[in-house]
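Participant: Okay, here's the prediction I keep looking at, along with the sequence it came from:
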Amino acid sequence: MTFAVIKTGGKQYKVAANDVLKVEKLDAEAGTIVTFDQVLMVGDTVGAPIVEGALVAAELIETRKSKTVIVFKKNRRHNYRRRNGHRQLLSTVRITEILTGGAKPTIAAKPAKAAAATETVTEAKPAKKAEAPAAEAKAPAKKAAPKKAAAETTETEAKAPAKKAPAKKAAPKADKE
């Protein structure tokens, strides 16, 4: 078993032990052991569609954004140009071992970094966003100032124009010898 083909994030990767690769963002802490259970091929064994009992264990090193990809749209002769950037979240993982026959990962997570020992990565549908309650969405409206007080302030402002503050003079510079 020198290599395996795994599927994660809608993509397929050919991996071997001690390989470091960047995959779509995984929901786990840095330093935890993640397992990929969708193994399509191990060595010469090809799954239909996945190999039963096969597992690939990996250590999650970090999760960060990739380089910016510029998305530029243009329609000729219509004065239409749109420029946008996108940075994809990627997780960097180091493959620790390739397991078959229903074996469990032997390498444990680092105890100082994470409390969760192993997390299994499976393809799941995205969760629906919960709608905010209507009471929280609207802030209470402020009351308007009384009309009488507003009328008095405008009359006084109209009688006396506002004076500008005098300009500040620069401090004298010390002569250098």
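Facilitator: Happy to help now that I have it. Residues are numbered from 1 along each chain as shown.

Participant: I'd guessed Thr35 sits against Leu60; true?
Facilitator: No. The criterion here is Cβ atoms under 8 Å, and Thr35 misses it with Leu60 at 10.9 Å. No exception for glycine: its C-beta is placed from N, CA and C like everyone else's.

Participant: residues near Arg81, how many?
Facilitator: 9 (other Cβ atoms under 10 Å).

Participant: List the strands paired with the host helix or strand of it, with their directions.
Facilitator: Following DSSP states H and E, one finds Arg81 within strand 80-86. Applying DSSP bridges, strand 80-86 is found paired with strand 69-75 (antiparallel).

Participant: Leu99 contacts Ala54, doesn't it?
Facilitator: Yes. Contact criterion Cβ under 8 Å: Leu99 and Ala54 qualify, at 6.8 Å.

Participant: ok, these two, which is more surrounded?
Facilitator: Ala54 (25 against 20).

Participant: lowest-confidence helix or strand of this structure?
Facilitator: helix 134-137 (a mean of 52; mean pLDDT, DSSP states H and E).
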